[in-house]
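> take this sequence and fold it.
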Amino acid sequence: MGRNAELKLGVFLIQAGFHEAAWRDPSVPASGGVDVDHYARLAALAEGAAFHFVFLADSPSVLERDHEHIARVSRNDGFEPITLLSALSSRTRDIGLAGTATTTYNQPYHIARMFASLDHLSRGRAAWNIVTSGLKFEAPNFGHKELPDHDTRYARAREFVEVVKGLWDSWEDDAFIREKQSGIFADTKKLHLLNHRGDHLSVRGPLNIARPPQGYPVLAQAGASDTGIGFAAEVGEVVFTAAPSLESGKRYYATVKAKARALGREDDQVLVMPGIIPIVGKTKEEASEKLRKLHSYMHFDVQIGLAERMLGFVTDLRSINLDSLVPETLPRTNTTQSSQALLLDLAARQKLTWRQLIRLVSDSKGQLMVVGTPDEIARTMVDTFDQRAADGFIVLPAIVPNGLKDFVDLVVPELRRLGKFRSRYSGQTLRENLGLNRPLNRFMGNA
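Residues are numbered from 1 along each chain as shown. You can find the predicted model right below:
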């Protein structure tokens with residue numbers, strides 16, 4: 001399907017919703033983070049609307065710095081993504097299953113094996129969201145005092161992804177013949193050892209599972225620093241991003257596509273999908289009231305802690321005048337550099353005070369938030385698509401299940417009326433539904 005056809009849609013699944021205080025709403029199950037039925041119901045909503053995939057973020061640590069913040073958030077009681085997606089693979093049929101796994105604190109063999117297993121379990125619906133850990137509290141969980149520096153994390157990630165793809169190519173597609181009469185289970189002429197020796201990794205192979213149904217699970221990435229954008233353009237087939245304005249979205253889209261093109265990649269094989277937080281009401285006033293309700297649940301300790309984390313823990317917001325303007329620069333962080341840069345850019349463009357920036361982070365974390373009617377939200381999405389700032393969106397419901405249900409019931413019909421979203425699945429695998437090519441085995445013809 002061509003670029004000027006239809007939006008791609010994923011949905012971000014999280015315990016209570018994208019808003020930090022959503023768990024306090026009476027409509028939200030407080031124990032949703034460890035309730036597989038809760039996630040299955042959300043996945044069913046998205047699948048019924050023909051979303052392309054569900055997406056699970058992850059961090060192998062508690063994210064918050066102090067107990068005041070930890071005590072008031074619901075994020076620290078949730079499933080590990082691959083485990084949860086494996087369970088959802090048996091409770092869904094068509095929707096893609098995208099999960100996050102870090103290249104910083106994993107080994108390639110583990111990741112290759114787990115995502116190959118998920119791809120087989122789901123019959124070709126798996127996607128790996130590749131991240132380099134950017135949170136300071138992860139390192140001590142893996143025997144390290146400090147997070148590796150930014151460039152080292154990305155250098156390891158590049159090598160890591162190549163190793164994982166090589167392991168997925170261990171067996172040719174038809175290597176497992178399983179002939180009972182002859183007693184031959186596998187044709188070893190179609191078996192290939194990787195024998196990788198690199199700067200960061202040493203992996204022999206082969207993988208002990210057949211090549212994934214998709215060849216490789218779909219590769220997703222979310223680089224936004226200069227190094228991260230280069231990595232996304234190199235390996236990402238679905239590229240997640242935060243684009244809080246049309247102008248920033250167009251800049252990012254053009255940059256990623258140009259860098260990918262320079263590497264010989266086709267535009268339709270690199271799908272840029274920014275996040276969108278839709279606060280949907282039948283009227284503008286109803287939508288605004290939903291956001292005000294979320295504001296009433298938000299504690300100042302959570303607002304401060306979240307802003308400090310997203311700025312890279314380089315400033316103590318309790319010690320400064322919150323009504324002063326946000327400076328153009330802050331000390332450079334070794335954690336999430338892209339979120340710091342995004343928020344400082346937003347503050348500079350809008351001339352925000354610290355208090356205003358803290359509220360913005362509390363509401364949207366720098367993502368695009370649209371508070372309005374179904375028509376307003378749908379037209380914002382279509383305009384962003386038509387102006388080449390997105391190939392689709394990751395829908396970030398502020399609250400679940402109601403926020404997702406509102407989007408499915410009210411916005412999706414508008415997108416279809418505008419001819420920009422499908423009504424049914426078109427393929428058997430996630431690659432087919434996204435229009436992505438199935439990769440060839442690197443060892444074919446080289447045995």
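> tell me how far Leu294 lies from Arg113.
To Arg113, Leu294 is 40 Å away according to Cβ to Cβ, to the nearest Å. For the C-beta atoms, the positions are set from N, CA and C on the backbone; glycine is no exception.
> which of those two has more neighbours?
Between Leu294 and Arg113, Leu294 has the larger neighbour count (other Cβ atoms under 10 Å), namely 21 against 17.
> grab the nearest non-local neighbour of the more buried one.
Nearest residue to Leu294, sequence neighbours excluded (Cβ to Cβ, 6 or more residues apart in numbering): His19, at 5.0 Å.
> any idea how many residues pack against that neighbour?
Look at His19: counted by other Cβ under 10 Å, it has 27 neighbours.
> burial count for Lys284?
Neighbours of Lys284 under the rule other Cβ under 10 Å: 12.
> before we move on, what about Asp37?
By the criterion of other Cβ under 10 Å, Asp37 has 10 neighbours.
> surely it is in a helix?
Yes: judged by DSSP: H, G, I helix; E, B strand; the rest coil, Asp37 forms part of a helix.
> show the pLDDT at it.
Asp37 carries a pLDDT score of 98 in this model.
> please report how far it lies from Val400.
From Asp37 to Val400 the distance is 13 Å (Cβ to Cβ).
> mind listing the strands for this structure?
With strands called from DSSP state E, the chain shows them at 8-12, 53-56, 96-102, 126-131, 176-179, 184-186, 196-197, 202-203, 218-221, 238-241, 271-280, 368-372, 392-395.
> reformat these as JSON lines; add mean neighbour count.
Shown next, in JSON lines, are those (neighbours: other Cβ atoms under 10 Å):
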{"stretch": "strand 8-12", "mean neighbour count": "24"}
{"stretch": "strand 53-56", "mean neighbour count": "26"}
{"stretch": "strand 96-102", "mean neighbour count": "25"}
{"stretch": "strand 126-131", "mean neighbour count": "26"}
{"stretch": "strand 176-179", "mean neighbour count": "12"}
{"stretch": "strand 184-186", "mean neighbour count": "13"}
{"stretch": "strand 196-197", "mean neighbour count": "12"}
{"stretch": "strand 202-203", "mean neighbour count": "16"}
{"stretch": "strand 218-221", "mean neighbour count": "26"}
{"stretch": "strand 238-241", "mean neighbour count": "27"}
{"stretch": "strand 271-280", "mean neighbour count": "25"}
{"stretch": "strand 368-372", "mean neighbour count": "21"}
{"stretch": "strand 392-395", "mean neighbour count": "25"}
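> picking that back up, touching, the residue nearest to Leu294 and His295? I think so.
No: using Cβ atoms under 8 Å, His19 is not in contact with His295; the gap is 9.3 Å.
> what's the helix or strand of the chain with the lowest mean pLDDT packed up against?
Lowest by mean pLDDT, DSSP states H and E among the helices and strands of the chain is helix 337-350, with a mean of 84. If you count contacts as 3 or more Cβ pairs under 8 Å, 6 or more residues apart in numbering; DSSP states H and E, helix 337-350 packs onto helix 300-310, helix 354-364.
> in TSV: those, plus mean pLDDT and distance to Asp383.
Below are the helices and strands packed on helix 337-350 laid out as TSV (pLDDT from 0 to 100; distance: least, Cβ to Cβ, whole Å):
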stretch	mean pLDDT	distance to Asp383
helix 300-310	89	27
helix 354-364	90	19
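> out of those helices, which gets nearest to Asn321?
Proximity of the helices and strands packed on helix 337-350 to Asn321 was assessed by Cβ to Cβ; the nearest stretch is helix 354-364, lying at 7.4 Å.
> now do the buried residues in the closest one.
Residues 354, 356-364 are the ones in helix 354-364 that count as buried (16 or more other Cβ atoms under 10 Å).
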